[in-house]
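Asker: I'd like to go over a predicted model; first the sequence, then the structure.
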Number of protein chains: 2
Amino acid sequence: MSGSSDVHSDVDLAERLARVALNRLAEPGDIRFTRLVADLGARVVYEHLVGGGGDSELRDDVAIRLESLDPAAELDRADRLGLRFVVPGDQEWPEHLDGLLGAGAINARGGVPIGLWVKGPLRLDQLAHAVAIVGARSATSYGSQVSAEIAAGLVRSGRCVISGAAFGIDEAAHRGALSADGPTVAVLACGADRVYPAAHRRLLSWIGEHGLVVSEAPPGGDPLKVRFLARNRLIAALGAGTVVVEAALRSGSLSTAAWTERLGRPVMGVPGPVTTAQSQGVHEWLRLGAAQLVTCAEDVAELVGRAGEALVEDRREPVKPRDRFTVRQRQVLDALPVSRGVGADAISSGAGVGLREVQTTLEGLETRGWARRDEYGWRLAATDGA
Amino acid sequence: MSGSSDVHSDVDLAERLARVALNRLAEPGDIRFTRLVADLGARVVYEHLVGGGGDSELRDDVAIRLESLDPAAELDRADRLGLRFVVPGDQEWPEHLDGLLGAGAINARGGVPIGLWVKGPLRLDQLAHAVAIVGARSATSYGSQVSAEIAAGLVRSGRCVISGAAFGIDEAAHRGALSADGPTVAVLACGADRVYPAAHRRLLSWIGEHGLVVSEAPPGGDPLKVRFLARNRLIAALGAGTVVVEAALRSGSLSTAAWTERLGRPVMGVPGPVTTAQSQGVHEWLRLGAAQLVTCAEDVAELVGRAGEALVEDRREPVKPRDRFTVRQRQVLDALPVSRGVGADAISSGAGVGLREVQTTLEGLETRGWARRDEYGWRLAATDGA
């Protein structure tokens, strides 16, 4: 069977064709269809729709689409376009999409996809540890830079980067992954054979040849605005967590964050200047505790990693020599004049440390090159540069 | 009695003089002294030190300072400098400093101050709702701008701003408060009569005339490095919470944050670009959940406010007209061509919405000016600008 993964699949042809048909009849992620298919199976739902009889809103909605339905021809055509149709039961089917079963609906979109059209050498079932990076189309140069750096860092630690191929943060994430010669997945709202936005023709062509282009929309499908709602749920569900790099308060990328939260996977936010609108949505999620702050790929890996893996150490600067002294030694050090020396009694008074301890400390400081004697008494020999 | 607040005080002269003396004998915030005074009272500790007899590290440490001690003369001298000495029992004593009793020690510094030297018309007991703003001396222009804006916003909402008069974030916080004609408090590591850094002579002079300059160090005291440890604990303890605007990983302002945490008061962090070192310390505190993210004065007021006060609403952008449609109406809208019209059946197929509902919806959209008819069928009449 062409255009499918049935070489490694328990899915029979009738089931696959029913899913191809339903995928074309239903709007991507329409919760009415995904729920029915999950509850009754694809063939029962399909037969109900083609069988006619009785009234239903579902049947009204698909009536005209039914007229031109030819799932076998669709699979053949898709095969010629280099697309394959992956459905539950195929070896390539990513089990972690099942999380969508319990994640409810947003704007009447939700549920496990009926099937996914994919193009490229990567396999969907290799994405369990992939990370989604999403954000503003009108990204700042700062946001694009950070998006690309985090993507490249994730790739270097062996992870795949998922995004939506939009302008701005998405584009930077894909390019960052590619710059590190790593795998990246573009999830589209239009058909996997289409190019949207048009300016990303070469980027999407590259991803289709070296990574994976994924869509829930049927081949040829338009990038209708409502389809981005369903697409964002897939970006969230295909990854182990989602990083939002820049997002204004109403950014669509926050719907990807909302889906990630519903899936119980980590939502991560990269902070930015509080003075740019593009970071306001991220800051709001961080402020409310709905997202966790990340600054680099290591932070991300810690949050999406399996236990014991990729834990970030506390970040510390190197210890300065002065820090190795005790507080009492530092009191003596602080009381030493930088120019003309003074007596140990003046240092004792200045430091508030007893005279005998001052004398012992001064000798120690002298040995280590911090204090020295002149004709008047004790003075500082070196500064610690602070 | 000059140089004191004893007009409104239950503190007798012997107690006050004992505290003036102990304040000069002990290093600011030396936990050995502050604990003893809390446990035994100032007069007992003072008499032990001047009484001599027996050995003790404490007595050794203060031996030379004891020789030149004259607390009555010190009060007189301070009075001439415009300083007053505020001690527990004075009406002006800020009760909320008592939080330091249970906050332990950092680097052998801690506890309730033996007394505070202050200069200026503000009163220490008016600071219960004040907010500390601290951060990097080598601040970026972004950090300074945000520091000043948050300070001005807090002042406009009736709060006082506390900081350390250092270069960078501190300076910007004071200036932001002053720009809004508001009260501000500078807590110094040197004596309240000294100027540190020297470049801030006019700033400190202004604060001393219109706000308050505070120090635990005795008049004339040097700004020794170790004294900043004790000073930072006071900045934290005098305020209701601390905002860290920029701080590198080893910034001293993080010790103010650590004191704030020990006091059980909110530590707040302003995010910035992950690409600047000056925000790394703040991001680390936010990442570990030790600080809460704030972006503006309103966020700060919400966290330090009393219950029910100054709650920030969820930030939302205005709703766009398109968002008022149902998802099904939007499906129809999305399926409308922008140029030459098409029949309702084509729209039904494109939208995946039943023909009758499409027709009703199109008429509704036409009435509201979104759809119109041409000789070929239905098309979009207006764009929603998205």
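Answerer: Yep, it's here.

Asker: Please list all residues in contact with A:Gly269.
Answerer: By CB atoms under 8 Å, 6 or more residues apart in numbering or on different chains, A:Gly269 lies in contact with A:Val243, A:Val244, A:Val282, A:His283, A:Trp285, A:Leu286, A:Ala291, A:Gln292, A:Leu293, A:Val294. For every residue, glycine as well, the C-beta is placed using N, CA and C.

Asker: Most neighbours among those residues, which one?
Answerer: Ranked by neighbour count (other CB atoms under 10 Å in any protein chain shown), the contacts of A:Gly269 have A:Val243 at the top, with 37 neighbours.

Asker: for it, which residues make a bridge with it?
Answerer: Legend: beta-bridge partners of A:Val243 under DSSP bridges are A:Ile133, A:Met268.

Asker: Once you drop chain neighbours, what's closest to A:Gly143?
Answerer: Spatial nearest neighbour of A:Gly143, excluding adjacent residues (CB to CB, 6 or more residues apart in numbering or on different chains): A:Glu246 at 3.7 Å.

Asker: Check the contact between the one you found and A:Arg137; I expect there is one.
Answerer: No: A:Glu246 lies out of contact with A:Arg137 (CB atoms under 8 Å); the separation is 9.7 Å.

Asker: out of the two, which sits in the more crowded spot?
Answerer: A:Glu246 (32 against 18).

Asker: List the residues that contact the spatially most distant residue from the centre of chain A.
Answerer: Distance from the C-alpha centroid of chain A, by CA atoms, centre = their mean, peaks at A:Glu375 (66.4 Å). Contact analysis of A:Glu375 by CB under 8 Å, 6+ apart lists A:Gly341.

Asker: Please tell me how far it sits from chain B.
Answerer: Per CB to the nearest CB, to the nearest Å, A:Glu375 is found 22 Å from chain B.

Asker: Kindly report the same for A:Asp181.
Answerer: Distance of A:Asp181 to chain B, given as CB to the nearest CB: 24 Å.

Asker: Which of the helices or strands spans the nearest residue to that residue once chain neighbours are set aside?
Answerer: Nearest non-adjacent residue to A:Asp181, counting by CB to CB, 6+ apart: A:Val155, 7.4 Å away. Using DSSP states H and E, A:Val155 sits within helix A:141-156.

Asker: ditto for A:Ala172
Answerer: Using DSSP H and E, A:Ala172 maps to helix A:169-179.

Asker: Could you list every helix and strand in contact with whichever helix or strand comes after the helix holding A:Val155?
Answerer: For helix A:141-156, the succeeding helix or strand toward the C-terminus, using DSSP H and E, is strand A:161-163. Counting contacts by 3 or more CB pairs under 8 Å, 6 or more residues apart in numbering or on different chains; DSSP states H and E, strand A:161-163 packs against strand A:131-134, helix A:141-156, helix A:169-179, strand A:184-188, helix A:227-238.

Asker: what comes into contact with strand A:161-163?
Answerer: A:127, A:130-134, A:151, A:154-155, A:169-170, A:173-174, A:176-177, A:182-187, A:235, A:238-239.

Asker: for that strand, the distance to its chain's centre please.
Answerer: Centroid separation between strand A:161-163 and its chain, computed with CA atoms, centre = their mean, to the nearest Å, is 7 Å.

Asker: cool, stretch A:330-350 as well?
Answerer: 56 Å.

Asker: State the mean pLDDT of that stretch.
Answerer: Stretch A:330-350 comes out with an average pLDDT of 91.

Asker: Start and end of it, how far apart?
Answerer: From its first residue to its last, stretch A:330-350 covers 12 Å (CA to CA, to the nearest Å).

Asker: That one near chain B at all?
Answerer: Yes: Stretch A:330-350 is in contact with chain B by CB under 8 Å from any CB of the partner chain, via A:Arg330, A:Gln331, A:Asp334, A:Ala335, A:Asp345, A:Ala346, A:Ser348, A:Ser349, A:Gly350.

Asker: Pull the number of nearby residues for the residue in the stretch 251-386 of chain A positioned nearest to chain B.
Answerer: Per CB to the nearest CB, A:Gly354 is where the stretch 251-386 of chain A lies closest to chain B, at 2.7 Å. When counting by other CB under 10 Å, one arrives at 21 neighbours for A:Gly354.

Asker: Show me the shaky parts of the stretch 101-250 of chain A.
Answerer: Within the stretch 101-250 of chain A, no range satisfies pLDDT under 70.

Asker: give me the residue from it nearest chain B.
Answerer: The stretch 101-250 of chain A approaches chain B most closely through A:Leu224 (4.0 Å), counting by CB to the nearest CB.

Asker: isn't that residue right next to B:Asp334, touching?
Answerer: Yes: counting by CB under 8 Å, A:Leu224 touches B:Asp334, with 4.0 Å between them.

Asker: Please identify every residue contacting each of those two.
Answerer: Common neighbours of A:Leu224 and B:Asp334 (criterion: CB under 8 Å, 6+ apart): B:Gly350.

Asker: So which of the contacts of A:Gly269 belong to helices?
Answerer: Among the contacts of A:Gly269, the members falling in helices (DSSP state H) are A:Val282, A:His283, A:Trp285, A:Leu286.

Asker: Same list (these) but as TSV, adding pLDDT and distance to chain B.
Answerer: Formatted as TSV, the ones in helices among the contacts of A:Gly269 follow (pLDDT from 0 to 100; distance: CB to the nearest CB, whole Å):
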residue	pLDDT	distance to chain B
A:Val282	98	9
A:His283	97	5
A:Trp285	96	9
A:Leu286	96	5
